[in-house]
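Trainee: Following is a predicted model, sequence given first.
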Amino acid sequence: MSRATKVVLAYSGGVDTSVCIPYLKHEWGVKEVITLAADLGQGDELEAVRRKALDSGAEVSLVVDVVETLIKEYAFPAIQANALYENRYPLATALARPLIAKILVDAAEKHGADAIAHGCTGKGNDQVRFDVAIAALNPKIKILAPAREWGMSREETIAYGEKYGIPAPVKKSSPYSIDKNLLGMAIEAGELETLWVEPPEEVYGMTKAIADTPNEPEYIEIGFEKGIPVGINGNRMSGVELISNLNQIAGNHGIGRIDMIENRLVGIKSREVYESPAMWVLIQAHRDLESLTLTADVTSYKRGIEETYSQLVYNGLWLSPLKGALDAFIQQTQERVTGVVRVKLFKGNTMIVGRQSDNSLYSLDLATYGTDDEFDHKAAEGFIYVWGLPTRVWSEKLRS
Ligand code: ARG
């Protein structure tokens, strides 16, 4: 029985997604496979990936460059939201998934495909992100996930591929599961599954080991307009340039490594190692500029929103109505988050050492300990009387 006629397959060039091509055709009766590889700034040679899909039996092989969209429409809103899942993970993989889903749906509609396929297994978050986003964008399209059903071990998968002319990986394949885009890298599995083991230096690709970082700090100035980073050291840059440059600059100081135990949506705890130099620095800097330009109550209320926002993104609900409503709140708060933040980068540390803004709410006349202090000290007495009243009444009652 055929599961679908024409399928758009999310393609990376790896063993699993390559094997999906013959598998869809021979086991699930698919007539035509169109592969789609997304250029997300991961640095892979995508022309080779495009050809590999054709060599593996795809009828059509597409490569779509969406780096700019990833930065503008996914990373920038996440920076405005100071989005860190479980307070640490800058969501590089999670942010890319709804974008990939979107281009898969666009391709399926353009080519008249009746299904979309991906190579996710049944244990991760990515399957949820893809499936939910695809269904939100086009509820009529079928979703096929061969690797969720085929039950083959890695060796069996490679052997299955070889039967259909897909060469086994030449190098002894890495023991790690890696996902990478311009926003960062996620590394799992291999010896990282032993929680006590420090990640070996070889897993890192975007950051230097502290032992190899410069012995002098580096200062940079990051400009923001309405919560969006627009330049470094006074040079205006496109989003892609800015993130690429900052990945280099911060990575050179060993910044943006994260080793954490993470709670997946499917209930599993996993050990994750991330590298996200630019996102890490930008979120710290952005948060500092918010402290200067937003009132205390907005900042504090927004913290709760940020937590929920991060969970929604992580949990595959990018297109949910709640996420849309939170976006509106966050955008409203960013209107006056414009200014420059001075950051000192040194030995893995991101230190905010200066900030300025035309919208600054800091008043030297009020804050100063000097003689030109304008704060009315006498007003404090009445304020404290009223502020402390409920607590005083409560205490008196307890003692009576
Ligand atoms: N744990 C991260 C997340 O859920 C990264 C997943 C990376 N995916 C991968 N295939 N290695 O967002």
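Mentor: Received it, and whenever you're ready, just let me know what you need.
Trainee: Going by C-alpha atoms from here, please, whenever you check contacts or count neighbours.
Mentor: Noted.
Trainee: Surely D372 and S363 touch.
Mentor: No: shown here, D372 and S363 do not form a contact pair, counting by CA atoms under 8 Å, at 11.7 Å.
Trainee: for this protein, what spans make up the strands?
Mentor: 6-10, 32-39, 60-65, 115-117, 142-144, 177-181, 184-188, 218-225, 228-232, 235-236, 257-263, 269-275, 339-346, 349-356 (DSSP state E).
Trainee: highest average neighbour count across those?
Mentor: strand 6-10 (a mean of 27; mean count of other CA atoms under 10 Å).
Trainee: picking up where we left off before, using JSON lines, please lay out the strands of the chain together with mean pLDDT and distance to T93.
Mentor: Below are the strands of the chain laid out as JSON lines (pLDDT from 0 to 100; distance: least, CA to CA, whole Å):
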{"stretch": "strand 6-10", "mean pLDDT": "98", "distance to T93": "15"}
{"stretch": "strand 32-39", "mean pLDDT": "98", "distance to T93": "13"}
{"stretch": "strand 60-65", "mean pLDDT": "97", "distance to T93": "16"}
{"stretch": "strand 115-117", "mean pLDDT": "98", "distance to T93": "18"}
{"stretch": "strand 142-144", "mean pLDDT": "98", "distance to T93": "20"}
{"stretch": "strand 177-181", "mean pLDDT": "93", "distance to T93": "7"}
{"stretch": "strand 184-188", "mean pLDDT": "96", "distance to T93": "7"}
{"stretch": "strand 218-225", "mean pLDDT": "98", "distance to T93": "24"}
{"stretch": "strand 228-232", "mean pLDDT": "98", "distance to T93": "20"}
{"stretch": "strand 235-236", "mean pLDDT": "98", "distance to T93": "27"}
{"stretch": "strand 257-263", "mean pLDDT": "98", "distance to T93": "14"}
{"stretch": "strand 269-275", "mean pLDDT": "97", "distance to T93": "10"}
{"stretch": "strand 339-346", "mean pLDDT": "98", "distance to T93": "25"}
{"stretch": "strand 349-356", "mean pLDDT": "98", "distance to T93": "22"}
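Trainee: Of the ones you listed, which is nearest the ligand?
Mentor: strand 177-181 (4.3 Å; CA to the nearest ligand atom).
Trainee: Nearest approach to Q284 belongs to which of the strands of the chain?
Mentor: strand 349-356 (7.7 Å; CA to CA).
Trainee: Describe which strands that closest one pairs with in its sheet and in which direction.
Mentor: strand 339-346 (antiparallel) (DSSP bridges).
Trainee: Tell me what angle the partner strand forms with strand 228-232.
Mentor: In this structure, strand 339-346 runs at an angle of 60 degrees to strand 228-232, with axes from the mean of the first three to the mean of the last three CA atoms, to 10 degrees as the basis.
Trainee: Put the alpha carbons of strand 339-346 into CSV.
Mentor: This file holds the C-alpha atoms of strand 339-346, laid out as CSV (Å, rounded to 0.1, in the frame of the first residue of the first chain):
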residue,chain,number,x,y,z
GLY,A,339,21.3,52.2,22.6
VAL,A,340,24.8,50.9,22.8
VAL,A,341,26.2,48.3,25.2
ARG,A,342,29.9,47.9,26.0
VAL,A,343,31.0,44.4,26.5
LYS,A,344,34.3,43.0,27.8
LEU,A,345,35.1,39.5,26.5
PHE,A,346,37.7,37.5,28.4
